[in-house]
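Participant: quick one, fold the following:
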Amino acid sequence: MKFLFDRDTWQEIYSGIRKNKVRTAITIIGVMWGIFLLVVLLGAARGMENNFNKMFGDFATNSVFIWGQSTSKPFKGFQEGKRVRLVMSDVDKIRSEIDGIEFVVPRYQAQSQLVHNFKTTNIGVFGDYPLLDKVQKKHLVYGRFINGNDIKEKKKICVIEDDTYKQLFDKDEYPIGEYIKINNINYLVVGLYKNKMKSGGPGGGVHIPFSTFNQVYNRGQNIGWLMVTGKKGVDINQLEADTKLLLRNLHNIHPKDERAFGSFNLGELIGQVTRFLTGMQFLTWFVGIATLIAGVFAIGNILLITVKERTQEIGIRRALGAKPSEIRRQIILESVFLTTLAGALGIISGGIILMIIDAAWGHGDNA
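Facilitator: Numbers count the residues shown, from 1 in each chain. Below you'll find the model as predicted:
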């Protein structure tokens, strides 16, 4: 390995590079471009995957959301256009009659005015059950989430998002144990959480017990929408179809009326995105490696040309006593040096581009 630190060896390499500046530049650009493409494409694919995980990572992946709409077909004396409203009895029927169900979580939402001291905001207030934390994980900063006792006693307590906290409280103010007014009714703050996917829109959100919500907002037994989660390995598409068919039977709706209930299949969406990201990563590696192989061939051709051009020089060195291994070593060392330099430039330039993209379109912790 002493030859790596031999000054004469590096002077000869430098001299050879200077004699063929254009060829050297083309070689470096070819390898650098391959590394650059690989780094940028892999970074972009990983960035998309991270963003998707941060958006939906807190949700149970095998989930579907279902809500009532209006009928589009007449059935059993009811005309089309009948408004469909989900009710609490639907939850028990779904749990008991459909196989593969893990959780059924009813929810409701209303836009309300919130007041704390002299600060006011209008955001979404959600009526929820403790099971929501199983389907959509809440990252608590302080306090706790809604529990069974809150539901049973219809307590006027609330759990707030970090965005809501910023609008109603001073910086570094401890919110637990404080009261906020929701539509002029006092609620005790028992929890604060950081939500990666803002459920209440840009203004944040507040969660109160479902039983309290129905009482205060006079919703009776009505439900806004359902979050249905299947057990591991259950076909979420079939689960969605079975649930909607059961609901149509329960509400006297035509069995083929597809408009009566709206739905959003998160499990199917996650599957589609996962397949897309897998395909994108495969394409990224294919393009990057293909470009690198092209660069390797370019270096091989350039080395071949270099050897042919230096045939006379090599002959003289052999006549002066140079060993074949020494001549091969110098030529290979020159190619390794160019490849390493080009690779380093490709990694650095790709990293800089990714940093610029992150600075321009990233969102810090929420990216």
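Participant: okay, how far is it across stretch 167-174, tip to tip?
Facilitator: End-to-end distance of stretch 167-174: 14 Å, with CA to CA, to the nearest Å as the criterion.
Participant: got it, and stretch 154-168?
Facilitator: Span of stretch 154-168 from end to end, CA to CA: 24 Å.
Participant: flag every buried residue along that stretch.
Facilitator: Using 16 or more other CB atoms under 10 Å as the test for burial, stretch 154-168 gives 155-161, 163-165, 167-168. Every C-beta, even on glycine, is put in place using the N, C-alpha and C of the backbone.
Participant: those residues in helices, which ones?
Facilitator: Mapping those onto helices (DSSP state H) picks out 163-165, 167-168.
Participant: will you turn these into JSON lines that also has pLDDT?
Facilitator: Listed next are those as JSON lines, based on pLDDT from 0 to 100:
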{"residue": "163", "pLDDT": "91"}
{"residue": "164", "pLDDT": "92"}
{"residue": "165", "pLDDT": "93"}
{"residue": "167", "pLDDT": "92"}
{"residue": "168", "pLDDT": "94"}
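Participant: of those, closest to residue 116?
Facilitator: Comparing these against residue 116 with CB to CB places residue 168 closest, at 4.0 Å.
Participant: so who does the closest one touch?
Facilitator: Neighbouring residues of residue 168 by CB atoms under 8 Å, 6 or more residues apart in numbering: 114-116, 119, 121, 160, 180.
Participant: kindly give a single ChimeraX line that selects the buried subset of the residues you listed.
Facilitator: In ChimeraX, a selection of the buried entries from the contacts of residue 168 looks like this (16+ other CB under 10 Å):
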select :114,115,116,121,160,180
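Participant: out of the contacts of residue 168, who's nearest residue 328?
Facilitator: For the contacts of residue 168, the nearest to residue 328 is residue 160 (71.3 Å; CB to CB).
Participant: bridged to the residue lying closest to residue 180 once chain neighbours are set aside, which residues?
Facilitator: Spatial nearest neighbour of residue 180, chain neighbours left out: residue 116 (4.5 Å); criterion: CB to CB, 6 or more residues apart in numbering. Note on residue 116: beta-bridge partners by DSSP bridges are residue 119.
Participant: hey, where'd the helices end up in the chain?
Facilitator: 7-19, 21-56, 88-97, 132-135, 148-153, 162-168, 210-216, 236-250, 266-309, 311-319, 324-361.
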